[in-house]
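**Q** Mind folding the following:
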Amino acid sequence: MILRSQYIIALCFTLLISIALGESKKTSDTEAGTRIVQHESVGNLEVTHPVGCEDISRLQRSYTPPDIYAGMLTCIEEDKIEKAARMFAVAGLYGQFDERRVTDTSAHQAIPMLLMHLLEPVSEEKKNRFQEIVSAQLARGSSELKSLCQSIRKLGPPDYFPRYMIQHGLKAFLPEDGTDGLQKDFNAETAWHAYLDAYLHCPEEPAQP
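**A** Numbering: from 1, shown residues only. Predicted coordinates for the structure are as follows:
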């Protein structure tokens, strides 16, 4: 089932997700003296491009969801919530696109995990305002959604290898099986248009004369 953008923030605030086991180990001691070992695979949720608080017109197709979400957080910190909401929409759409093409279903928790960690230090007041603005921007039939969809269509579909997601899954710790982790029959154009409709509910483009 495709997660709707207006629900994903609330999901990430309440969902308890463990980071998948990987190659790099991190250890810490709790106050009770219990030793916790956390494992992360190399490349898991990695940021590959430093993106600040940007308008969609300044984003690039090579920017991954971790890149764009980091910029979104900067927008929230700078109290530019409208920009943050638009970056949220782009990153979410790119994340849904990646889920469609990454074969390891255990890796599909990458986006909720990433959002949960990024938004954890944000104040409840800003979280609530952010959610309100996202809901308004993504409301079906709204002028804000129409403008957002036009900007996203102009940007275009992702043009990167989704290593950040693949390395989040359980298969990242197993012996290599000779595959790249992507669906062999994946149709990028079909998936892109499908998620513009199913995830963002973008209105249809006007017919060309």
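**Q** Following element in sequence after the lengthiest helix in the chain, please.
**A** In the chain, taking DSSP state H as the definition, the longest helix is helix 81-101. Later in the chain than helix 81-101, the nearest helix or strand by DSSP states H and E is helix 110-119.
**Q** quick check: angle from that following helix to helix 81-101?
**A** Here the directions of helix 110-119 and helix 81-101 differ by 150 degrees (axes from the mean of the first three to the mean of the last three CA atoms, to 10 degrees).
**Q** In helix 110-119, which residues are buried?
**A** 110-116, 118-119 (16 or more other CB atoms under 10 Å). Yep, even glycine has a C-beta here, placed from its N, CA and C like the rest.
**Q** Could you do stretch 61-80 as well?
**A** By neighbour count with 16+ other CB under 10 Å, stretch 61-80 contains the buried residues 63-76.
**Q** Narrow those to those in helices?
**A** Among the buried residues of stretch 61-80, the members found in helices (DSSP H) are 65-76.
**Q** quick check, nearest of the residues you listed to L59?
**A** Each of those was scored against L59 by CB to CB, and I68 proved nearest at 6.7 Å.
**Q** To what extent is the closest residue in space to that closest one that isn't next to it in sequence buried, counted in neighbours?
**A** Leaving aside its sequence neighbours, I68 sits nearest to A91 (CB to CB, 6 or more residues apart in numbering; 3.9 Å). Applying other CB atoms under 10 Å, we find 25 residues neighbouring A91.
**Q** thinking A91 is in contact with A70, fair?
**A** No: shown here, A91 and A70 do not form a contact pair, counting by CB atoms under 8 Å, at 9.2 Å.
**Q** Please identify the buried residues of stretch 197-204?
**A** 199-202.
**Q** And stretch 152-160, by the same measure?
**A** Neighbour counts using 16+ other CB under 10 Å place 152, 155, 157-158, 160 of stretch 152-160 among the buried residues.
**Q** and these as JSON lines, adding distance to G95 and pLDDT?
**A** Shown next, in JSON lines, are the buried residues of stretch 152-160 (distance: CB to CB, whole Å; pLDDT from 0 to 100):
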{"residue": "I152", "distance to G95": "13", "pLDDT": "97"}
{"residue": "L155", "distance to G95": "15", "pLDDT": "97"}
{"residue": "P157", "distance to G95": "12", "pLDDT": "96"}
{"residue": "P158", "distance to G95": "9", "pLDDT": "96"}
{"residue": "Y160", "distance to G95": "12", "pLDDT": "96"}
